[in-house]
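Enquirer: Return atomic coordinates for the entry below.
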Amino acid sequence: MSLSKYVANIKRKKISPNIRLYVIDNNRHYFLNEGSIKKGFDSKMTISKNRDSVLLAFSKMAFLFDEIIRLRIIGYSNQSDSSELLYLLNLVPINRKIRTFLDWKVFDPEFTRIMSRLFEVRNDTVHCISLDEVNYNPKNKISLASTSGFKKFSLDIQKAWSELSKIYVKQQETIVWNRLEKDL
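Expert: Model prediction:
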């Protein structure tokens, strides 16, 4: 059964409360949790030239990082182990997660570099008052406060979100769907 058919079946029938899963299907994102399905994040990353919008974009990416790790370790279970794992994942720095994905061959070396550069902006943004204090360094340092700098950063984070979503789909297909079919 295809992923789209799974999602359609899930929408029509009661979902086990033991399933906790983030699903991406045909560029549509869903949360399966506690017996219900809800709309997830947008498939396109939109970002505005302000601190809150930048941090929100990174929190969505960090969420998918944690979901990939959770899928690989415990699958889609909603048991207490899942909440304990999510608690522990909050203690792991993002740069270690990015490196782990390289070690696991989830990210290739180039995507690892891209994500590392992008998350340097996140770290700087967390500790600033405005984007005037933040630089992005894809090849040359550029200020996020400048129009061209923000445009370059925005395009790069949108491409990274798209690639990260594709990576997540591959992970969910290889890890979850065979096991989930038995539970639905």
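
Enquirer: pLDDT averaged over stretch 52-64, what's the number?
Expert: Stretch 52-64 comes out with an average pLDDT of 96.

Enquirer: Check the burial of the nearest residue to residue 36 once chain neighbours are set aside by counting its neighbours.
Expert: With Cβ to Cβ, 6 or more residues apart in numbering as the criterion, residue 36 has its nearest non-adjacent residue at 6.5 Å, and that residue is residue 15. For every residue, glycine as well, the C-beta is placed using N, CA and C. Applying other Cβ atoms under 10 Å, we find 18 residues neighbouring residue 15.

Enquirer: Tell me where this structure has helices.
Expert: Residue ranges of the helices in the chain, as given by DSSP state H, are 3-12, 51-74, 80-91, 94-103, 109-126, 147-175, 177-183.

Enquirer: Output the ones you listed in CSV; the columns should cover distance to residue 29.
Expert: Output for these, formatted as CSV (distance: least, Cβ to Cβ, whole Å):
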stretch, distance to residue 29
helix 3-12, 11
helix 51-74, 10
helix 80-91, 18
helix 94-103, 20
helix 109-126, 19
helix 147-175, 8
helix 177-183, 16
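
Enquirer: would you list these in a markdown table and tack on mean neighbour count?
Expert: A markdown table is the format used below for the helices of the chain (neighbours: other Cβ atoms under 10 Å):
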| stretch | mean neighbour count |
| --- | --- |
| helix 3-12 | 14 |
| helix 51-74 | 17 |
| helix 80-91 | 12 |
| helix 94-103 | 16 |
| helix 109-126 | 17 |
| helix 147-175 | 17 |
| helix 177-183 | 12 |
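
Enquirer: Between those, which one is closest to residue 134.
Expert: Evaluated over the helices of the chain, closeness to residue 134 peaks at helix 109-126, with 4.6 Å, by Cβ to Cβ.

Enquirer: Would you pull up how far the closest one lies from the middle of the chain?
Expert: Using Cα atoms, centre = their mean, to the nearest Å, the distance from the centre of helix 109-126 to the centre of the chain it belongs to is 14 Å.

Enquirer: Now do it: which elements does it pack against?
Expert: Under the contact definition 3 or more Cβ pairs under 8 Å, 6 or more residues apart in numbering; DSSP states H and E, helix 109-126 sits against helix 51-74, helix 94-103, strand 135-136, helix 147-175.
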